Structures are given as C-alpha cells and as structure tokens.
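1. my questions concern the predicted model and sequence given below.
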Amino acid sequence: MNRPSRPPTCQLCRKSGHNASQCYHLASYAATAPSEEHLAQAFHAQCQLDPNVPDWTSDTGASSHMLPSNSTLPNATPTQGNQPSTITSFVSCLNKEFAIKDLRKLNYFLGLEVTYTPHGLFLNQSKYTIDILNRAKMLDAKPAQTPLSTNANFVSAGDPFPDATHYRSIVGALQYLMIMRPNISYAVNQVSQFLHALTVAHFQEVKRILRYLKGTIAFGLHYRRPTHTTLIGYSDADWARCLETRHSTYGYSMFLGGNLISWSAKKQPTVARSSCESEYRAMANTTAEIVWITHLLQELHALPQERQTILCDNQSAHFLTQNPVSHKRAKHIDLDYHFLRELVAAGKLITKFVPTKLQVADIFTKSLPSSQFCASRDMLCIGPPPFSLPGDVR
C-alpha cells in the first residue's frame, strides 16, 4: 500500500513555528514560481550583494529599491520602497503572469508585527513570544530582570537533561525570536552551544531566558526617521569567556542614522593570547561587516558621505589601528592587522575609543547586571511599544 506523500517543509517555517499547511503552500508556490524571464522584466536590475533586492535608477538619477513581493503565499512577502510609481509598475508586471493581491501596508509577516508611529516604525514579535511561552508552559512564570544571571557559567559537566527534543525546540524558537530581540543574543548563543550535551543546569538557563521574555512580551525594536545617515559600528570582546575552551566571545552592533541594522554575538574560532588580540580580531570582523554594508548602500545609491566609524573600549586595540610602528607586536594577527590598518590608513575608516559604560556591544559578549543591561538595551532602541496595552511591563 502506497503511503500518501508528505508535503515538503520549509526551514524558515520550521524555525518560526509555522504549521505544515503553510509549508505546503510554500511548496505549491515553488511549483508555480515565475520564470527568470518574468522576473527579469520586473526587476530590471539586481543588487550584486543581495539578489533579492531589485534596484532601479531613473533618468533623473533618483534611486528606487525594494523587497519583491509574491502574494500567492499564505503570508504575503512585503513590498517596500521609496518610489510608489516604481512599486506600482513592479506589481502590475507580476500581476500579468500570476494572481497576486495587494495587502497595502505591512502589518504582520511570519511572526513579525509592524506598528506605524508618527516618528517611524515599531517592530516586535509579541504573538510569537506568547506562543513560545505557551509551548514551554511558562506563561504564568515569574518575570526576570535579565536573560541570564551575572554568575551564569556554562560547562558540559552535570546531570543530563532527559528531554533533548523539548530543549532543542525551545532554543530553536528563541533563535528566530532574536530577529527583533537582539538583547537576548548572547544568552541564546550560550544555550545553543550545548545542544549535543544537555544538562539540567542548561535547561534552567533556558527557563531564565523565558522568564525574562515573560516580563517583556511586547518589547521590540524602534526605528525612527533619521536626522543623519552616519554608519557607526560598536565592537567588543570578552577575553577567554568559555571556561572549557578558553575561546573569547565577541559581538558587534551597527547603526545607520541612529537605527540598529545589524548585530552579532559569537564565539571566536581560535584562542586569543591577550585581551588586545581578542578585541582586535573582533574589530576586524566588525570591519568586514561594515565593508559589506557600505558596498550594499553604494549599490542602492544611499552611501553616507561621512566616513564609517568603529568604536572600541580597548585602548591597546585602538592603538594598534593608529600606530604602524606597533606592527612588531601584532605578527600573530597579521592578516587582521593589515585588513583593518589599510582601511584606516586610506582614510576609509575611523576607529575611536569609547568608555565601557557607553559600549553598546557589551550586551553581546557577557551577562550584565540589571542596570547595565537595561542601559545597553535602551541604546539598542529596544523597548515597550509606543502605546499602552493591558498588562504591559514598563
């Protein structure tokens, strides 16, 4: 007897928690996707760094760029841009080939909720957060002030956790939640490193993250209309953070016009022999991200006139970027040294020192006390919605 065929699934939908029927619709769309010729007629040009972003430049020199739309999906892909006439032409071209529906302003997309404010946008995932808490049976848990306690230590030794599938399901959901909650990136990064060797202590830390989310369900990212277009990156590292491998943890955050556009919290792949080395490697990784963003903005004809800036709270690492004589002490990080130093020498990049209390990327490298954590969270423009809801924690 032949078994009925099972509809294929989508990795994005699996991570975001969408059901199988929605994945089936995605698979159905793939079978009827527009041909390359149709897309070529609609797109005209594509960004080299991100082929999902069409790019036009009109005869007047005006630039138009947006995220393409296909509304045959159960949750329509958003279409946004800076020239309504170009968007209308794009949608009309696609409408000739297959049925689409214009849902107007974006309000909800794959768990992401969009609220329009007089000053910009507010993006959050409150419904998805409630779903995670329900799945973990922690909707009635006591809220916590921070995702991790300051004395949290992660090691492989300990009593094994019996339900590995439940642990991995919750952690996977938390990884998707980081899209609009970068302030939990460090905590989720730590609990994700032990998916192969779970312990009861690790699950207690996961529950701590969920308790923090319980008290900040409606929190999200605020995006305000910028008054400037400066691109600034904050770079930080915590030397030898891992107790078992002594690898350092590094993180960065990128702001364009004062709005957070990119961030990361990762463990460095090699052991650093000094805090200066770990900080300098973090700056090199931050620089690579800034270079990529700069090239993308250049393609979109939106490159800021000001030089890009990296802020670091380590005096020694900052000194290395400014003083070529100190190269003798940097031979063991030779490639990172030349990559960063050449950009600074060419005047394409500025490095500055920033005090630790103003180091936004600190939240991506370690568990912070409550007051410092809240200050960093505010600097990331993460907070409650711009309106009051029953039960909100402020």
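-> Sure thing, it's come through. Residues are numbered from 1 along each chain as shown.
2. residue ranges of the helices in the stretch 151-300 of the chain, please?
-> Per DSSP state H, counting those that start in this stretch, the stretch 151-300 of the chain carries helices over the ranges 164-177, 185-192, 200-215, 275-299.
3. so which of these is nearest residue 348?
-> helix 275-299 (8.4 Å; C-beta to C-beta). Backbone N, C-alpha and C define where each C-beta goes, glycine included.
4. whichever helix or strand comes after the closest one versus helix 275-299: what angle between them?
-> Per DSSP states H and E, helix 275-299 leads on to strand 308-312 as the next helix or strand towards the C-terminus. Put simply, strand 308-312 runs at 160 degrees to helix 275-299, going by axes from the mean of the first three to the mean of the last three C-alpha atoms, to 10 degrees.
5. tell me which strands strand 308-312 pairs with, and in which orientation.
-> strand 231-238 (parallel), strand 349-353 (parallel) (DSSP bridges).
6. which outside residues touch that strand?
-> 230-236, 279, 282-283, 286-287, 290, 294, 318, 348-354, 359 (C-beta atoms under 8 Å, 6 or more residues apart in numbering).
7. 6 Å - rerun?
-> 231-235, 283, 286, 290, 318, 349-352, 354 (C-beta atoms under 6 Å, 6 or more residues apart in numbering).
8. check the gap between the closest residue to residue 354 other than its chain neighbours and residue 247 for me.
-> Nearest non-adjacent residue to residue 354, counting by C-beta to C-beta, 6 or more residues apart in numbering: residue 311, 4.1 Å away. Distance from residue 311 to residue 247, counting by C-beta to C-beta, to the nearest Å: 23 Å.
9. counting neighbours, go ahead and name the busier of the two.
-> With neighbours defined as other C-beta atoms under 10 Å, residue 311 and residue 247 compare such that residue 311 has more, 25 against 18.
10. bridged to the more buried one, which residues?
-> residue 234, residue 352.
11. same question, residue 199
-> residue 160.
12. verify the stated contact: it with residue 158.
-> Yes. Using C-beta atoms under 6 Å, residue 199 makes contact with residue 158 at a distance of 3.4 Å.
13. thinking again about what came up before, mean pLDDT for the strands paired with strand 308-312 - can I get that in TSV?
-> Below are the strands paired with strand 308-312 laid out as TSV (pLDDT from 0 to 100):
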stretch	mean pLDDT
strand 231-238	94
strand 349-353	92
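14. most tightly surrounded among those?
-> strand 231-238 (a mean of 26; mean count of other C-beta atoms under 10 Å).
15. which one of the strands paired with strand 308-312 lies nearest to residue 378?
-> strand 231-238 (14.1 Å).
16. hang on, the earlier thing: how close does the residue nearest to residue 354 get to residue 368?
-> With distances taken as C-beta to C-beta, residue 311 is found 18 Å from residue 368.
17. equivalent analysis for residue 376, please.
-> 7 Å.
18. next: residue 182.
-> Distance from residue 182 to residue 368, counting by C-beta to C-beta: 14 Å.
19. if anything else comes up later, I'll come back, but that's it for now.
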